[in-house]
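S.K.: below: sequence and its predicted model.
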Amino acid sequence: MVPILLGFFVILLVLGFIVVGMYNGLVELRNRFRNAFAQVDVQLKRRHDLIPNLVETAKGYMAHEAQTLTAVVEARAKATQANVRLAGNPGDPAAMRDLVAAESGLTGALGRLLVVSENYPQLKADATMRGLMEELTSTENRIAFARQAFNDAVLFYNNGRETFPRVLIANLFGFLPGEFFKVENDAEKAAPKVSF
């Protein structure tokens, strides 16, 4: 009787260690994709911080383009709010979709600003504007790299949580799938072209 109880206890202990190991592995994968989002967040904030300077510089030259400038400011505000919401919980699929939509709107508004600015030679020649545009281009590249790292981390997390037997532990403890940071359409996939 004692050997049977001892064997049963050993089996339960081994199963307990396996469950704890799988749980800890899922936590590690989830924390990696959250950290990867933090890197995206840094670059998005950098982008959002550049925009007010860009708009202020353009205002002096583009007095007749107030609607375009207002659209950029409003798109930036929406993107900033969506970014703050997602930063609180990088695993929230609805917040990720909101961020993608807001960032797409901001990219479109910036694109329109760049197209309109082509009509203002003095603005194109302005050293501050050129510097801001170079910073924006650099930041767009950094965002692309950070987004790729984030998507890679989400892929590893999702693969980890969906494999058997981890899927049982993931479902038991509420590990939800991670949402990728996707660019919605082909026009938005390209970084804004700057030609100053």
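M.R.: Ah, there it is.
S.K.: skip the chain neighbours and tell me the closest residue to Val73.
M.R.: Val55 (6.0 Å; CB to CB, 6 or more residues apart in numbering). Just so you know, the C-beta spots here come from the backbone N, C-alpha and C atoms, and that holds for glycine as well.
S.K.: tell me which residue is most central in this structure.
M.R.: Geometric centre of the chain, nearest residue: Val40, 4.8 Å, by CA atoms, centre = their mean.
S.K.: residues contacting the closest residue to that one other than its chain neighbours?
M.R.: Take Val40 and drop its neighbours on the chain: the residue closest to it by CB to CB, 6+ apart is Ala146, 4.4 Å away. Ala146 is in contact with Ala36, Gln39, Val40, Val42, Gln43, counting by CB atoms under 8 Å, 6 or more residues apart in numbering.
S.K.: show the subsequent helix or strand relative to the helix or strand harbouring the last one.
M.R.: So that's Gln43. For Gln43, the element it lies in under DSSP states H and E is helix 2-59. Counting by DSSP H and E, the next helix or strand C-terminal to helix 2-59 is helix 66-88.
S.K.: what is the mean pLDDT for that following helix?
M.R.: For helix 66-88, the mean per-residue pLDDT is 92.
S.K.: and if you look at stretch 27-36?
M.R.: For stretch 27-36, the per-residue pLDDT averages 94.
S.K.: now do that stretch: distance to the chain's middle.
M.R.: 14 Å (CA atoms, centre = their mean, to the nearest Å).
S.K.: buried stuff in that stretch?
M.R.: Leu29, Arg30, Arg32, Phe33, Arg34, Ala36 (16 or more other CB atoms under 10 Å).
S.K.: check contacts around the residue lying closest to the fourth one once chain neighbours are set aside.
M.R.: By that I understand Phe33. Spatial nearest neighbour of Phe33, excluding adjacent residues (CB to CB, 6+ apart): Ala153 at 3.9 Å. With contacts defined as CB under 8 Å, 6+ apart, Ala153 is in contact with Leu29, Arg32, Phe33, Asn35, Ala36, Gly178.
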